[in-house]
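J.: here you go, sequence then predicted model.
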Amino acid sequence: MDVNVPFYCYGTKILTVYGEVPVEDLKVGDLVVTIVGEHKPICRVSHREVDCYRHSDPTSIWPIRISAHAFGQNAPVRDLYVSPSQALCFDLVGEVLIPARALVNGATIAQVEVSSVIYWYVELEGHELLLAENKPSEGTPGIGKQAFFQECGAAFARLPELADPSIAAPELSRPLYREGPIVTAVHEQLLSRAKTLGWTVDQAPPLDLHLLVDGTRIEPVVRGWFFRFAIPPKAQQAWLISSMSRPSDVSDSDDGRKLGVCIVGLTLCDGFGSERSIDLGDPQFDHCGFHHFEEGQRRWTSGCSRIPPAYLKECTDGMFLRIELGGPMVARWTEPQQNAISIISATGDGANFALIQSGN
């Protein structure tokens, strides 16, 4: 279940003829300003709240944070939060579009784990480029997705699959690139820019290793490189989540895998003396977000990997999951301390997340 339509997050400011307006305050008929200075009317503004922790693949729905000034001074002018498929515009040798998920570098552009998020959908008559937080990004042409959104009320549900094969994809106003030399070149520029902004590489970053069981976060008991989790009875779904980094983002390595933690041992126990050592070579792990089994009896997670459902069937009365790691995670970018740190947190009424600034 993936998000194949571009969305903005709550609070994103869009440039209109009236100035910058938060996306949630936009109305049908409002005139937005395109990057070529044209004024285009909004056909529809819709939104939907998503329960990320109950989504079949949280990484496909968690928002992407684009730090202020990531692309240059005031581009964007403030932190910009968008859906993974939201495309941004770059003027290289001609203007091109690149989805946010393809720009993630672990530094100025990163995916943010949240329990829930409200996504806003700004529909125009054609495929136009808007200014969101002063960064050119795409608006959405009318493509028949309105039934999946609500314009009032406060439903709290999983976002359904948005890809409808019966509806033709709209013609894009610029070429779209998801990978290849152009994306690689932009990545290199972004990392160079991150260093200029004061980002540094932490060789021993915190793991933030936890389980997400049926929407509930479970913290481990830690002893050295051993992490023990208590899984409640009749658990249906469990995700092993941690910090993540790609070696290619922090070194000269050509390893572009998203690496979470390196597991060398996995044991299930009932707390009464019965234990079962799990074979990390079990092919079930290959289909649950784990990387391939490696020599030395180890497997890397991807930062968001699912415990194979077959093992949870043994959890009728609850169990302990003990994980042994082979050492620290790979190095990761660290934000400069003097900068404001953006934190996404749920509001008290559970309606949406807010952007909270700390520091100067």
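T.: Sure, I can see it. All values reported here derive from a predicted model rather than from experimental measurement.
J.: check contacts around the residue lying closest to residue 262 once chain neighbours are set aside.
T.: Spatial nearest neighbour of residue 262, chain neighbours left out: residue 326 (4.2 Å); criterion: Cβ to Cβ, 6 or more residues apart in numbering. Any C-beta I mention is one placed from the backbone N, CA and C, and that applies to glycine too. Residue 326 sits next to 225, 262-264, 296, 298 when contact means Cβ atoms under 8 Å, 6 or more residues apart in numbering.
J.: which pair in those spans the largest distance?
T.: 225 and 296 (14.5 Å; Cβ to Cβ).
J.: those two: who's more crowded?
T.: A direct count of neighbours by other Cβ atoms under 10 Å for residue 225 and residue 296 places residue 225 higher, at 15 against 8.
J.: how about residue 305, nearest residue that isn't a chain neighbour?
T.: Once flanking residues are discounted, residue 305 sits nearest to residue 289: 3.8 Å by Cβ to Cβ, 6+ apart.
J.: where's that neighbour relative to residue 13, distance?
T.: 34 Å (Cβ to Cβ, to the nearest Å).
J.: go on, residue 75?
T.: 14 Å.
J.: next: residue 183.
T.: 27 Å.
J.: quick one: the helices in the stretch 201-350 of the chain?
T.: Ranges of helices within the stretch 201-350 of the chain are 247-250, 309-312, based on DSSP state H, counting those that start in this stretch.
J.: now the strands: where do they sit in the stretch 101-250 of the chain?
T.: Per DSSP state E, counting those that start in this stretch, the stretch 101-250 of the chain carries strands over the ranges 109-111, 116-124, 129-132, 135-138, 140-141, 200-202, 210-213, 216-218, 221-223, 226-231, 238-241.
J.: lowest average pLDDT across those strands?
T.: Of all the strands of the stretch 101-250 of the chain, strand 140-141 carries the lowest average pLDDT, namely a mean of 69.
J.: ok, back up a step: let's have the strands of the stretch 101-250 of the chain in JSON lines, adding mean neighbour count and distance to residue 95.
T.: Listed next are the strands of the stretch 101-250 of the chain as JSON lines, based on neighbours: other Cβ atoms under 10 Å; distance: least, Cβ to Cβ, whole Å:
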{"stretch": "strand 109-111", "mean neighbour count": "21", "distance to residue 95": "19"}
{"stretch": "strand 116-124", "mean neighbour count": "22", "distance to residue 95": "17"}
{"stretch": "strand 129-132", "mean neighbour count": "24", "distance to residue 95": "8"}
{"stretch": "strand 135-138", "mean neighbour count": "23", "distance to residue 95": "8"}
{"stretch": "strand 140-141", "mean neighbour count": "20", "distance to residue 95": "17"}
{"stretch": "strand 200-202", "mean neighbour count": "15", "distance to residue 95": "32"}
{"stretch": "strand 210-213", "mean neighbour count": "20", "distance to residue 95": "39"}
{"stretch": "strand 216-218", "mean neighbour count": "14", "distance to residue 95": "41"}
{"stretch": "strand 221-223", "mean neighbour count": "10", "distance to residue 95": "49"}
{"stretch": "strand 226-231", "mean neighbour count": "18", "distance to residue 95": "47"}
{"stretch": "strand 238-241", "mean neighbour count": "24", "distance to residue 95": "36"}
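J.: tell me which of these sits nearest to residue 90.
T.: Smallest distance to residue 90 across these (Cβ to Cβ): 8.2 Å, for strand 135-138.
J.: now for the closest one, which elements pack on it?
T.: Secondary-structure packing of strand 135-138 (3 or more Cβ pairs under 8 Å, 6 or more residues apart in numbering; DSSP states H and E): strand 80-82, strand 87-92, strand 129-132.
J.: out of the ones you listed, which gets nearest to residue 278?
T.: strand 80-82 (37.0 Å).
J.: from the contact counts, what lies against the closest one?
T.: Using 3+ Cβ pairs under 8 Å, 6+ apart, the elements in contact with strand 80-82 are strand 8-9, strand 64-66, strand 135-138.
J.: hmm, back to that, so residue 183 and residue 13 - more neighbours on which side?
T.: Neighbour tally, residue 183 and residue 13, criterion other Cβ under 10 Å: the higher count belongs to residue 13, 20 against 17.
J.: who's the more buried one bridged to?
T.: Under the criterion DSSP bridges, residue 13 forms beta bridges with residue 22.
J.: tell me the contacts of it?
T.: Counted by Cβ under 8 Å, 6+ apart, residue 13 has contacts 20-23, 78, 132-133.
J.: just put the residues you listed in CSV and tack on distance to residue 232.
T.: As requested, the contacts of residue 13 are arranged in CSV below (distance: Cβ to Cβ, whole Å):
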residue, distance to residue 232
20, 46
21, 45
22, 39
23, 38
78, 40
132, 41
133, 41
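J.: tell me what residue 213 is bridged to.
T.: Per DSSP bridges, the residues bridged to residue 213 are residue 216, residue 238.
J.: likewise residue 266?
T.: Beta-bridge partners for residue 266, by DSSP bridges, are residue 323.
J.: contacting residues for it?
T.: Contact analysis of residue 266 by Cβ under 8 Å, 6+ apart lists 277-278, 280, 321-324.
J.: of those, just the buried ones, ChimeraX syntax please.
T.: Only the buried entries of the contacts of residue 266 go into this ChimeraX selection, using 16 or more other Cβ atoms under 10 Å:
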select :278,280,321,322,323
